[in-house]
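> Sequence and predicted structure, then a few things I'm wondering about:
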Amino acid sequence: MIGEKVGHRLDPYLYWIYKQFAGNRGNPNFLSLLGLLAMVGASVLIITGRWTAAGFGIILSGLFDLLDGVIARKLGRATPFGGFLDSVLDRYSDLFLLMALVIFYMRKGDFLLVVLTSFVSIGTVLISYARARAEAARVECTVGLMERAERMILLSAGVLFQWMEPILWVLAILTHFTVIQRICHVYKRLKQP
């Protein structure tokens, strides 16, 4: 949703900021990898209970995730492999963060939040899987309320402000609602002659 509305309108601004530090050089795949590493760091911080620092780590990871696409487009380095690698590393990032929450809640002995976070993990993976399978069937599938940008905004707010339980309830409902939206979208598109 956010990606659909904002599109690439932020590209010139993000590229200008990037150029101040790195000039006209850069490797988008390296930025994707830095995004994953920032999320792994944020995940370790969650497990150790340093939530505010973890929130900033999630934001840093999101910034790298934005920049990799901008740099790929602006420097003419967008490749099919780069898009594939970015998607795979995004799934790793998503699941490292959710696994960290599961570990944190297991250590606290909060069974309900372990189950809730696991349910969010299932929805998160299925959103991406539904899109991949739709694209394999030649149906574009970017519909739905809870794409990655929305999930990352909610999770970073939940971690920064320690609102995780209500955020997890929202994600538990809306990730699976998004999967249903995508199933319905693909069904309608494939029924058309």
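Done, it's in. Numbers count the residues shown, from 1 in each chain.

> Next, count neighbours for D65.
Counted with other C-beta atoms under 10 Å, the neighbours of D65 add up to 23. All C-beta atoms are positioned from the backbone trio N, CA, C, and that covers glycine.

> Then F177?
Neighbour number of F177 under other C-beta under 10 Å is 14.

> May I ask which helix or strand encompasses it?
Take DSSP states H and E as the rule and F177 turns out to sit in helix 164-191.

> any idea how far that helix is from the chain center?
15 Å (C-alpha atoms, centre = their mean, to the nearest Å).

> Give me the packing partners of that helix, helices and strands only.
Packing partners of helix 164-191 (3 or more C-beta pairs under 8 Å, 6 or more residues apart in numbering; DSSP states H and E): helix 111-136, helix 148-160.

> Can you say which of those helices is nearest to A22?
Among these, helix 148-160 comes nearest to A22, with 23.2 Å by C-beta to C-beta.

> on contacts alone, who are the packing partners of that closest one?
Counting by 3+ C-beta pairs under 8 Å, 6+ apart, helix 148-160 packs on helix 2-6, helix 51-74, helix 80-108, helix 164-191.

> From the contact counts, what lies against the longest one?
This points to helix 80-108. Of the remaining helices and strands, those touching helix 80-108 by 3+ C-beta pairs under 8 Å, 6+ apart are helix 28-47, helix 51-74, helix 111-136, helix 148-160.

> what angle sits between it and helix 28-47?
On the basis of axes from the mean of the first three to the mean of the last three C-alpha atoms, to 10 degrees, helix 80-108 is oriented at 0 degrees to helix 28-47.

> And helix 80-108, what's buried?
Buried positions in helix 80-108, judged by neighbour count with 16 or more other C-beta atoms under 10 Å: 82, 85-86, 89-90, 93-102, 104-105.

> Kindly calculate the angle that that helix makes with helix 148-160.
Using the same axes, to 10 degrees: helix 80-108 against helix 148-160 is 30 degrees.

> about what we covered before: mean pLDDT lowest for which of the helices and strands packed on helix 148-160?
Per-stretch mean pLDDT for the helices and strands packed on helix 148-160 is lowest at helix 2-6 (a mean of 56).

> immediately after that helix, which helix or strand?
Using DSSP H and E, the helix or strand that directly follows helix 2-6 along the chain is helix 11-22.
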